[in-house]
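> have a look at this prediction, sequence included:
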Number of protein chains: 6
Amino acid sequence: MRFDETYSGNVFIKSHPNYEESKAVLYGMPMDWTVSYRPGSRFGPARIREVSIGLEEYSPYLDRELDDVKFFDAGDIPLPFGNAQKSLDEIEKFVKRVLDDGKIPVGMGGEHLVSWPVMKAVYEKYNDLAIIHFDAHTDLRTEYEGEPLSHSTPIRKIAEHIGPKNVYSFGIRSGMKEEFEWARENGMHISKFEVLEPLKEILPTLAGRNVYVTIDIDVLDPAHAPGTGTVDCGGITSKELLASIHAIAGSDVNVVGFDLVEVAPIYDPSEMTANTASKLLREMILGWVK
Amino acid sequence: MRFDETYSGNVFIKSHPNYEESKAVLYGMPMDWTVSYRPGSRFGPARIREVSIGLEEYSPYLDRELDDVKFFDAGDIPLPFGNAQKSLDEIEKFVKRVLDDGKIPVGMGGEHLVSWPVMKAVYEKYNDLAIIHFDAHTDLRTEYEGEPLSHSTPIRKIAEHIGPKNVYSFGIRSGMKEEFEWARENGMHISKFEVLEPLKEILPTLAGRNVYVTIDIDVLDPAHAPGTGTVDCGGITSKELLASIHAIAGSDVNVVGFDLVEVAPIYDPSEMTANTASKLLREMILGWVK
Amino acid sequence: MRFDETYSGNVFIKSHPNYEESKAVLYGMPMDWTVSYRPGSRFGPARIREVSIGLEEYSPYLDRELDDVKFFDAGDIPLPFGNAQKSLDEIEKFVKRVLDDGKIPVGMGGEHLVSWPVMKAVYEKYNDLAIIHFDAHTDLRTEYEGEPLSHSTPIRKIAEHIGPKNVYSFGIRSGMKEEFEWARENGMHISKFEVLEPLKEILPTLAGRNVYVTIDIDVLDPAHAPGTGTVDCGGITSKELLASIHAIAGSDVNVVGFDLVEVAPIYDPSEMTANTASKLLREMILGWVK
Amino acid sequence: MRFDETYSGNVFIKSHPNYEESKAVLYGMPMDWTVSYRPGSRFGPARIREVSIGLEEYSPYLDRELDDVKFFDAGDIPLPFGNAQKSLDEIEKFVKRVLDDGKIPVGMGGEHLVSWPVMKAVYEKYNDLAIIHFDAHTDLRTEYEGEPLSHSTPIRKIAEHIGPKNVYSFGIRSGMKEEFEWARENGMHISKFEVLEPLKEILPTLAGRNVYVTIDIDVLDPAHAPGTGTVDCGGITSKELLASIHAIAGSDVNVVGFDLVEVAPIYDPSEMTANTASKLLREMILGWVK
Amino acid sequence: MRFDETYSGNVFIKSHPNYEESKAVLYGMPMDWTVSYRPGSRFGPARIREVSIGLEEYSPYLDRELDDVKFFDAGDIPLPFGNAQKSLDEIEKFVKRVLDDGKIPVGMGGEHLVSWPVMKAVYEKYNDLAIIHFDAHTDLRTEYEGEPLSHSTPIRKIAEHIGPKNVYSFGIRSGMKEEFEWARENGMHISKFEVLEPLKEILPTLAGRNVYVTIDIDVLDPAHAPGTGTVDCGGITSKELLASIHAIAGSDVNVVGFDLVEVAPIYDPSEMTANTASKLLREMILGWVK
Amino acid sequence: MRFDETYSGNVFIKSHPNYEESKAVLYGMPMDWTVSYRPGSRFGPARIREVSIGLEEYSPYLDRELDDVKFFDAGDIPLPFGNAQKSLDEIEKFVKRVLDDGKIPVGMGGEHLVSWPVMKAVYEKYNDLAIIHFDAHTDLRTEYEGEPLSHSTPIRKIAEHIGPKNVYSFGIRSGMKEEFEWARENGMHISKFEVLEPLKEILPTLAGRNVYVTIDIDVLDPAHAPGTGTVDCGGITSKELLASIHAIAGSDVNVVGFDLVEVAPIYDPSEMTANTASKLLREMILGWVK
């Protein structure tokens, strides 16, 4: 993690060398210790940066180039292996500084629990905050086998913190019965299975709102993102996810922060998942950082 | 962890501990000796069970939980390596007992030839039987390089046994010219390339019928199921296959047995194929065992 | 490379043993030295032939068998490793002979630059030539890091050679801003993101024209073709690519040569990419060699 | 295949069905949350059991069969993901019961930190305890980036607990300068690089002592055990490790417990590491449980 | 399979185009249907040929080039998938013709059972035959789970056929207690664990004898040959196996046939096993075909 | 490539931030276009740096830490893809500057041809230069299929340039007959198969000489380095290679430059080859930069 130019580490293509001049700050959160199934997302941020050299800098979708947006790559936040609470504290501290400096936080996971302290910090600054959440899983548990700090809980935590009515989940195709019931009873929005169509209906209702977008890469079908901890078939295509990103870019919401999590490279020898993540980030940065 | 003899190790998630009380019986048929291309489906059942621990027990598609259905996991049927005839005999013997005990047989392959003795046994019990068959391949050969016991022949065998008019194949995109001609000339139904739409048209015509459903995982496009012996592009998505399973669940046919075959884990380092198979089985059990 | 029957090497299934009697000639161009990202497509042709043994000889799409078309497999053109200019010269020389002998050249790459000398030679014979180009990338650069012989340049070279108005690209989703601008300013057709629908609109305008078709396998989404040098998400399905091949087959264009390039087997442990390439070639041969 | 409740699925080959009658108890400790590099050893115990079906039951090295030793496979100890302290507590509780019941604990990791509570519990029962430790790494850190509960610390913890003079490390080829110095200054034995020869010299000096043996699979060269978190070249062969196990079996020490840790299957597509671990465990059980 | 020059298939580097002129005949036996663990050796012969193009034609060990020995590559013997008896019959028929034509049979497996009909045919011609057998496994079972045609039985079959005293096994480290006992009681030679040293002692006693050598690639440690069905640690290095081949070459035995079996490429993404097999075959051909 | 501190790229662990203050300069030469078999070594330098974070900074072999040696990581030299001559020119220019600045060049390949311009530049400065060469292959060809710029030629080029008597090759086990003959006739030293013992004999004869050491990772057996272009069995262990590095460190030669080439990560999913390369480089830097 760095705030100056003297850092020497693997960085995202076309990231800006200067923190102060940048509008957005990209950072990695290499944590995977609370996952209940396959670990490995700690290596997600490093691999996404590495393969980003294969990216074109120009988006033919948005007709915009990475040089048009100043974003600084701060590297990975150093996290104490195996200590979830302390890791979340470090993330929150870092993101608060980014927000205090008036910049947009752009996170790369790591497991989904890392989004919890980020969303909390963003909410502190923007108290009208709405969450747009793309995922295969509800992530609405209160705990997992007794542990309240689990990768299955971040959306529940933020929903209880900012009010379930302000949380909009899309693409959900897995969860406990209780999670779906809790969402329904508490007025939280869940679009089951689909993303683009329901998103297009919701976006106008959020016009003018400050929004944080959190994308779990497993919202994609395993065919499109095999390199993740918990693959779950029946998902959407990368084409649909790109279109969803562009729908947000073309809407009237104000994106004040966002992340992409759960890329676990070891399960994908073709490296398509990391390559896809790097392209998604390019589109998110080009489309949402205005 | 256990301290007594009732421990059950590698079994499908939420399978019932008691055979007698169960309505359906899950079993593996770890045979792959007659395949003409890539072997390895003998390890399908074991890997499907292993990854099933990553499954949620609840289906948001069907609003039903695995606890709502009593199914017993009987493990794998021991088969003599390299002896096709004796293997088929063992399978038939086992399935007959399951049927005699009034339970629904739920098989996991193994190569597709294993379905032949199962369908024969089911037909013995239900002589109005119709077969619903999802596959990339016709499987209508009479022999393969001289061998009548081949993974390319099971649908031909059952079609001749119960009458071709009672067999409905969907998603077929590969076969010899003669196979397609035989089907056409004998009144067997083949939906080329597509599954869901033609299935929706056929299902009402089968209302009230006893039906056996056999799914070769390679009906899916290789993108969705790389871990199988013979990948064949141009297939359907896992989303469409899920919808097809749900279409059968919502129809008026009476499913009296079913199987899912040809998962060969070694060709899929991401394990998405086994994960997909375990979810498909969950949906089949929840949707079809009433 | 051979022109007689005494050759002993791995050949494509059902290729004809005699050069003189054949209407089309299949050949490999195992070159990958100018690629800017992941090499390995030199092994594409060999692996495509190897897995072709798993193919059915009959196409249920076109109701035609490989025995109905005489095509000769000439093996791989020997190319000097690491010498791009000399390699291209060898390819051009070989293809000229094939054309002089009145046969249709059917190439397997190798990197996309190999298509440049082929298209040049075909244009020499058919000066009303139009190019149909399926790809994720524009390939319209003039050079790459100073090198005019680069896998990013073949479409620019042929467009300048035969006139940009005669080049039709489909499925493009990656390129520099300048490349898209050059195409627009010079009247070259680019269909961004989509293939089948725009192709169906263009084909009637090409009725009666001689056409060369060049397919970069990465026009497919990485889910369908992970085994290629530069994966780029948001692509089309293999189902759509098959339909596009069939659309050309059913149109009034006269296909005088074609190729399929950029299969790099090492990135795809499931071998689905090579299997898909072999099926695409079967459909192209059955549909386009009349 | 089973028709009753006494079925035991994924267990180590030839493990005894009855806990009370068994002399040794095998158990998995699927924890990997404190590792600083590549996670995945949580899946070690399950995969070792799975591949054990490929093992012969007879050891031609020791002329003894698994049926000659009653050992019970208790399955994996359920551990709370991401909570190191609680996980260690669970392990300690389990092992204490095994020891109280007069049985020999035989552990499978998981990361090396899991050995710490086991060794502590064993020392409570046998206060003349010596530790024999095979590893590539010293594991003598006091903390890792601030965390005292780290996979780099278990040998330091037990050395401080039972006295460094009672700890004998073999095969060590990696560590911080300070770790080697601490060992030297405190009278702990470290054999750098080599295992068998120094072991043969040490064993006679331990005659009659109660000994716990802990083996980190990475004591093997990566050529012999690629499936582990931190590969480190320059290690010993599996042949030498087998000979070392047999040297202990032939000595006069009294092995009162042992473990094998750090098998991480995902990094080894050939599965040789899990296969090797299962054979090592067979030899350890046959040689050390008398 | 072919006996003339018109065949077009993948062949071993520098094999001679003419059957009649050749002294030795190389052929593949792509059978793996009786293996009890991991199948896939059916693809061994094809992959060994494919990677042989990376071999140097000259052996610095023997100072001889492949051009110095005329050997014909007859391709793979077509075998009926899943029918063990018929497959063995086909192999026997083919090898008899090779022997009748006065040529040395050089086989590539496939599973080890394929060696049985070959050795039987060779014995018919040379009734003083001795067998030299390199393997990790005894292969002395009479049946496997009831099947007398199993990959665990070929050495038992030939030992009973030609007399156990004429069979010399080296490197054995796995088998049932009964198998070792049978060998000892019947005067068959088994060198446990080691190869080179005991071989050097035995060879002089075989001076002048006609010898068939059968090598199961799993005599190598898994580190050196991960791509095989049943990996078993504690084996020898490829350096030792090369030296053993050279020891036979330098001895006074008369090698009248030989094979190399059990290469299963799918388990070895690095392809080192097939590469090693191709080099071993080069050395065997250069050293043994005189 | 950089000469100042503002660079932001992936660097080797504990490299010094300042070029001027450093005694040695590490750089990557990501070229693989002339290889005749499997490409991919262009990604060697990046992956070696990436995995170097898993290295301990201290060598228990040499009792020295990376902090004790100032070495600067200059990144990769930008090379034009597919243009061999221009690439070699760029390398030569870079290395000359490093030498002019009085620093020791430490190269990472890339294919072996990259060593040729480096050795030429070093010879210009030190005209008593001797070359110590570890490799499986002679690399003494004059051309490969007509190309004088080939990965099979660098040792021939330098031998002719500085005199064959000044070149010492070790571990060679592959090459054409002519290459071995040329070496013998011209007084060049080749130790076939072995490294450590002959090296120990040669080193005293080189006392006081300036020496460049070039290591092709394939001198290791494929078991120890599967991730390379041309695997060749019968090689040495990583333990022996480490001992050879230490033998040079303990000798009286003056190492004025060195490199490690041919690491191709894609062929090694376990990443052991890159890990081994990073440890070898640590030992080379600690042992040879005095």
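Perfect, I can see it now. Numbers count the residues shown, from 1 in each chain, chains lettered A, B, ... in the order given.

> so what's the nearest residue to A:Val69 once chain neighbours are set aside up against?
Excluding the flanking residues, the one nearest A:Val69 by C-beta to C-beta, 6 or more residues apart in numbering or on different chains is A:Val289, at 5.1 Å. No exception for glycine: its C-beta is placed from N, CA and C like everyone else's. Residues near A:Val289 by C-beta atoms under 8 Å, 6 or more residues apart in numbering or on different chains: A:23-24, A:69, A:71, A:104, A:106, A:255.

> run the last query once more with 6 Å
A:23-24, A:69, A:104 (C-beta atoms under 6 Å, 6 or more residues apart in numbering or on different chains).

> nearest to F:Asp139, of these?
Distance to F:Asp139, by C-beta to C-beta, is smallest for A:Val69 among the contacts of A:Val289, at 47.9 Å.

> count of neighbours near the residue in the stretch 101-250 of chain A positioned nearest to chain E?
Closest contact between the stretch 101-250 of chain A and chain E, by C-beta to the nearest C-beta, is at A:Pro226 (15.9 Å). Here the number of neighbours of A:Pro226 (other C-beta atoms under 10 Å in any protein chain shown) works out to 27.

> I'd assumed B:Asn275 was in contact with it.
No. With contact defined as C-beta atoms under 6 Å, A:Pro226 does not reach B:Asn275; the gap is 9.8 Å.

> so which residues of the stretch 1-150 of chain A form helices?
Taking DSSP state H, counting those that start in this stretch to define them, one finds helices in the stretch 1-150 of chain A at A:44-51, A:84-100, A:115-125.

> which of those sits closest to chain F?
helix A:44-51 (7.1 Å).

> now for that closest one, which elements pack on it?
When contacts are defined as 3 or more C-beta pairs under 6 Å, 6 or more residues apart in numbering or on different chains; DSSP states H and E, helix A:44-51 sits against helix A:272-288.

> which other residues reach the helix it packs on?
Helix A:272-288 is contacted from outside by A:47-48, A:51-52, A:55, A:59, A:62, A:64, A:69, A:71, A:225, A:227, A:238, A:245, A:249, A:255, A:258, A:260, A:263, A:265, C:222, C:226, C:231, C:233, using C-beta under 6 Å, 6+ apart.

> neighbours of the residue of the stretch 101-250 of chain A found nearest chain F, how many?
Of all residues in the stretch 101-250 of chain A, A:Gly227 sits closest to chain F, at 13.0 Å by C-beta to the nearest C-beta. Neighbourhood size, A:Gly227 [other C-beta under 10 Å]: 30.

> so where is chain A shaky, pLDDT-wise?
A:1-9 (pLDDT under 70).

> pick out the residue of it closest to chain E.
A:Pro269 (7.8 Å).

> that residue in helix, strand or coil?
Recorded secondary structure, A:Pro269: coil (DSSP: H, G, I helix; E, B strand; the rest coil).

> next, the contact list for it, please.
B:269, C:269.

> go on, A:Asp259?
Counting by C-beta under 6 Å, 6+ apart, A:Asp259 has contacts A:107, A:115, A:214.

> now swap in A:Tyr267 and tell me
A:226-227, B:270.

> backbone dihedrals for A:Val253, please?
phi -80, psi 160 (degrees, to the nearest 10).

> what's the burial count for it?
Neighbours of A:Val253 (other C-beta under 10 Å): 21.

> where's it relative to B:His246, distance?
For A:Val253, the distance to B:His246 equals 34 Å [C-beta to C-beta, to the nearest Å].

> ok, now A:Arg141?
26 Å.

> who has more neighbours out of those two?
A:Arg141 (24 against 18).

> which parts of the stretch 101-250 of chain A sit against chain B?
Within the stretch 101-250 of chain A, the residues that sit near chain B (C-beta under 6 Å from any C-beta of the partner chain) are A:174, A:176-177, A:192, A:222-223, A:226, A:230-231, A:233-234.

> ok, so of those, who is nearest E:Tyr126?
A:Pro226 (54.2 Å).

> that closest one belongs to a helix?
No. Counting by three-state DSSP, A:Pro226 is not found in a helix; it is coil.

> so what's it up against?
Counted by C-beta under 6 Å, 6+ apart, A:Pro226 has contacts A:267-268, B:270, B:272.

> can you pull up the bridge partners for A:Asp76?
A:Gly28 (DSSP bridges).

> can you pull the contacts of it?
Contacts of A:Asp76 were listed using C-beta under 6 Å, 6+ apart, and they are A:28, A:30, A:45.

> kindly report the same for A:Gly235.
A:136, A:220-221.
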